[in-house]
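Enquirer: need coordinates for the below:
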Amino acid sequence: MTEKELQKLMDSMTLEEKVGQLVQCLAGQFISNEMEMTGPEGELLPKEELNRVMGSVLTFEDARQAKALQDQHLAADPKKIPLLLMLDVIHGLRTTYPIPLAMGCSFDEKLMTECADMARKESAACGVHVTFNPMVDTARDARWGRILETCSEDPLINGRMGAALVRATQREDLSNPENIACCVKHYAAYGAGEGGRDYNTVELSERILRETYLPAYKACLDAGARLVMPSFNSLNGIPSVANQWLMNDVLRREWGFEGVVISDYNAVGELVAHGVAENLRDAARMAMEAGCDIDMVMNAYYLHLANLVRDGEVREEAIDRAVMRVLRLKNELGLFENPYHGADEEKEKELYLCPAHREIARRAAEESAVLLKNDGILPLTDGTRKLALIGPFAEERHLVGFWSRPGAWKDAVTLPEGIRQLKPEIEITTARGCGADIGDTDESGIAAAADAARKADTVILALGEPEYDSGEGRSRAELTLPGPQMKLARAVLKANPRTAVVLFNGRPLVLTELAEIAPAILEMWYPGTEAGSAAARLLFGEANPCGKLSVSLARGAGQYPMAYNHPNTGRPKPEPDSQAFPFTSCYLDMTNRPLYSFGYGLSYTEFEYQALETDRDRMTPEETIRVRITVKNTGSRAGKETVQLYMRDRVASVVQPVQQLIDYKKIRLEPGETRTVEFEIREEQLRFWSFDCRHISEAGEFEISTGYADHLKLTKTFRLEK
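Expert: Numbers count the residues shown, from 1 in each chain. As a prediction, the model looks like this:
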């Protein structure tokens, strides 16, 4: 349709029909399915009336259901306006790739592009028009379960990975049936909830909000994301869905966003629970005034918007603007011509779990795994003939993570399956040992597990946290391995020190004791469909670990929130960091530093950083500085290394981070190969948000370094002159 035709369509609609376009319902209200809900069901309203006017649905299962929903609606709607069909496709649809937190550890936008492209194809065939992805909430507290859904504690990584996902998912032409629209979430600062509790209050200065939390959302919008989802939390006292400064001033006016804003699940209704709206009618008014176009699930708009307009409390022009944004998105997707878009049962069969998609998922799992420790145990050698797979995750298939499709875990490759496929000659013994649930006290299998370990050449100890202990609504106060897993680890390691630990988890865990006693630890996160295949290839050296931590791993939960790029204080703790210094910013009982730092990760080969050079030591705002970092693979295996470039502003008008990642590049080096990696520093990379919230740079001295956080080396300085 042309813009003129869309306007004519809207002009022909009644007020109730307009409001209907702003209403999103659960697919389960109209068809039977098994999709999980992440909130209350809401008041049951006449489904015939809803079906006639509603504008969108979410949580359907497949192409057959997508077509059925569309057919039911079009038969009931006199205007024949097609539905928008939305779904959470966070890390793959049927073929799942690693959780976003793991993908962040790959430091690889090209890999994210491949994974998102795979998910796009499967989602389009399923009938999806909009995915609630990417989630780019910067998170510095592992107690928050949804940290698994973001890529990093660092806004640069979140922005780059999120933008790559948007470009791969939407591509250039949304009307192409194979392309779908992205909804970036959760705007804003959802990952900063107090105490690491989901949905909790956020209090931030505008300067920190702009410095740390807003850049990743903006990067995704610059990449073309068509929708934005406000966050559940209140921000400085105002829930995001009703925050006019956040939604109208920043998002619409400052950033120029013209797309659709959709509430999160019942977020409009929850304005009453927040205590800022007297009732559901009041909540509907507040959300509409803040520019929220679509009300997800709980019917606040459906029940009250039309009357609010008739009573003069909401202007019909506001409704018209929201409706036109929704109609434009439907038109851009080509739904008026093809309401099914890409829904195709035959393509589903062709694409789901196809060899090409499994290969992408396996490679992503390999490249996002982080080797945390290795005292010569890994990779396993040909001398391993008897292998004991021990632990609650030794034969587990629930390794795909939260937000995976219902039943997707059934397609996951287990550890023994992956090892048998790769090394059929090895004799494998398995023992669960203990449970892994929070509060589990059953230790009855530990003695048998230790006996199995004693009889084996080598032990793989598979530990972690159950799949649904991290994710939305899954906050934890303690971050040690749940259940009696550490008791199992002690017994197994005592029985056979030749033990490598493999971790499956959705958040950074506190591994302080495990790191002291285990000779090797491989962090796999939730790797997805090809979990066991990827783990086997990594353990036996068919693949070389190359992941780097995109979040710091704390020594204790009491260190949270923490981030590598924290500002300095007037009384910084001096070296050595391992001891307490009274009257400095430190803990008496624990070092300030994390157990494993942001940017850290081992390999089966060694990389030597030989030089960091710049082409000048002074620059003006119009100039750039070229940085050259020379790296050599001094080991005996080919491997990939992420070369990280950090910057520090020595003196500024507001306190600056002690270090800040400003760029990175991933390279592959053959044994003995040397390569020089080039970066370009521009003036905008030196900017910060001033006390009065101006984005500025200031003349002065800057340090640049390489290495990884807390372990920087090859430092050079330069001056910005103005």
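
Enquirer: can you list contacts of the lowest-mean-pLDDT helix or strand in the chain?
Expert: For the chain, scoring each helix and strand by mean pLDDT, DSSP states H and E identifies helix 47-53 as the least confident one, at a mean of 83. By Cβ atoms under 8 Å, 6 or more residues apart in numbering, the residues outside helix 47-53 that reach it are 16-17, 19-21, 23, 25, 29-30, 72-73, 76-78, 302. Where you see a C-beta, it was placed from the backbone N, CA and C, and this is true even at glycine.

Enquirer: R160: which of these is nearest?
Expert: Q21 (34.3 Å; Cβ to Cβ).

Enquirer: so what's that closest one up against?
Expert: For Q21, the contacting residues are M13, V53, G55, I81, A322, V323, V326, L327, by Cβ under 8 Å, 6+ apart.

Enquirer: how far away is it from P82?
Expert: Distance from Q21 to P82, counting by Cβ to Cβ, to the nearest Å: 11 Å.

Enquirer: N243 too?
Expert: From N243 to P82 the distance is 31 Å (Cβ to Cβ).

Enquirer: can you give me the strands for the stretch 51-200 of the chain?
Expert: Ranges of strands in the stretch 51-200 of the chain, per DSSP state E, counting those that start in this stretch, are 56-58, 84-87, 130-131, 181-187.

Enquirer: helices or strands up against the third one?
Expert: Packed against strand 130-131 by the contact rule (3 or more Cβ pairs under 8 Å, 6 or more residues apart in numbering; DSSP states H and E) you find strand 84-87, strand 181-187.

Enquirer: ok, residues contacting the shortest one?
Expert: Think strand 84-87. Contacts for strand 84-87 (Cβ under 8 Å, 6+ apart): 24, 55-60, 66, 69-70, 123, 126-132, 183, 262, 326, 329-330, 333, 335, 341.

Enquirer: repeat that for stretch 571-580.
Expert: When contacts are defined by Cβ under 8 Å, 6+ apart, stretch 571-580 is touched by residues F581, F583, T584, S585, C586, Y587, L588, D589, T591, N592, R593.

Enquirer: mind saving the C-alpha coords of that stretch as CSV?
Expert: These are the backbone C-alpha positions of stretch 571-580, laid out as CSV (Å, rounded to 0.1, in the frame of the first residue of the first chain):
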residue,chain,number,x,y,z
ARG,A,571,41.4,6.2,47.8
PRO,A,572,42.0,3.3,45.4
LYS,A,573,43.4,0.1,46.8
PRO,A,574,47.1,-0.2,46.0
GLU,A,575,48.9,-3.3,44.8
PRO,A,576,49.2,-6.1,45.7
ASP,A,577,45.4,-6.5,45.4
SER,A,578,45.4,-9.7,47.4
GLN,A,579,45.6,-8.0,50.8
ALA,A,580,43.4,-5.5,52.6
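
Enquirer: list the buried ones in that stretch?
Expert: K573 (16 or more other Cβ atoms under 10 Å).

Enquirer: over to stretch 298-318?
Expert: Those buried within stretch 298-318 under the rule 16+ other Cβ under 10 Å are 298-306, 308-309, 313-314, 316, 318.

Enquirer: what's the average pLDDT for whichever strand or helix holds L493?
Expert: Element membership for L493, per DSSP states H and E: helix 485-495. The average pLDDT within helix 485-495 is 98.

Enquirer: need the residues that contact it.
Expert: Contacts of helix 485-495 (Cβ under 8 Å, 6+ apart): 390-392, 433-434, 436, 443, 446-447, 449-451, 453-454, 459, 461, 463, 480-481, 499, 501, 513-514, 517-518.

Enquirer: try 6 Å
Expert: Outside helix 485-495, the residues that touch it by Cβ atoms under 6 Å, 6 or more residues apart in numbering are I390, G433, C434, A436, I446, A450, A453, R454, L461, L463, T499, I517.

Enquirer: can you name the residues in contact with the helix or strand immediately after that helix in the chain?
Expert: Counting by DSSP H and E, the next helix or strand C-terminal to helix 485-495 is strand 499-504. Identification of contacts with strand 499-504 by Cβ under 6 Å, 6+ apart yields 377-378, 393, 399, 459-464, 492-493, 518, 520-524, 535.

Enquirer: so which bits of the next helix or strand along the chain from strand 499-504 are buried?
Expert: The helix or strand immediately downstream of strand 499-504 is helix 512-517, counting by DSSP H and E. Neighbour counts over helix 512-517 (16+ other Cβ under 10 Å) mark L514, A515 as buried.

Enquirer: chain center to helix 512-517, what's the gap?
Expert: 27 Å (Cα atoms, centre = their mean, to the nearest Å).

Enquirer: just the C-alphas of the helix or strand just after it, formatted as CSV.
Expert: Where DSSP H and E defines the elements, the next helix or strand beyond helix 512-517 is strand 520-523. Presented in CSV, the C-alpha positions along strand 520-523 are these (Å, rounded to 0.1, in the frame of the first residue of the first chain):
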residue,chain,number,x,y,z
ALA,A,520,41.0,-27.6,34.1
ILE,A,521,37.8,-25.7,33.7
LEU,A,522,35.9,-25.2,30.4
GLU,A,523,33.0,-22.8,30.6
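
Enquirer: list the helices and strands strand 520-523 packs on?
Expert: Counting contacts by 3 or more Cβ pairs under 6 Å, 6 or more residues apart in numbering; DSSP states H and E, strand 520-523 packs against strand 370-374, strand 499-504.

Enquirer: so which of those strands is the most packed in?
Expert: Comparing those by mean neighbour count (mean count of other Cβ atoms under 10 Å), strand 499-504 ranks first with a mean of 25.
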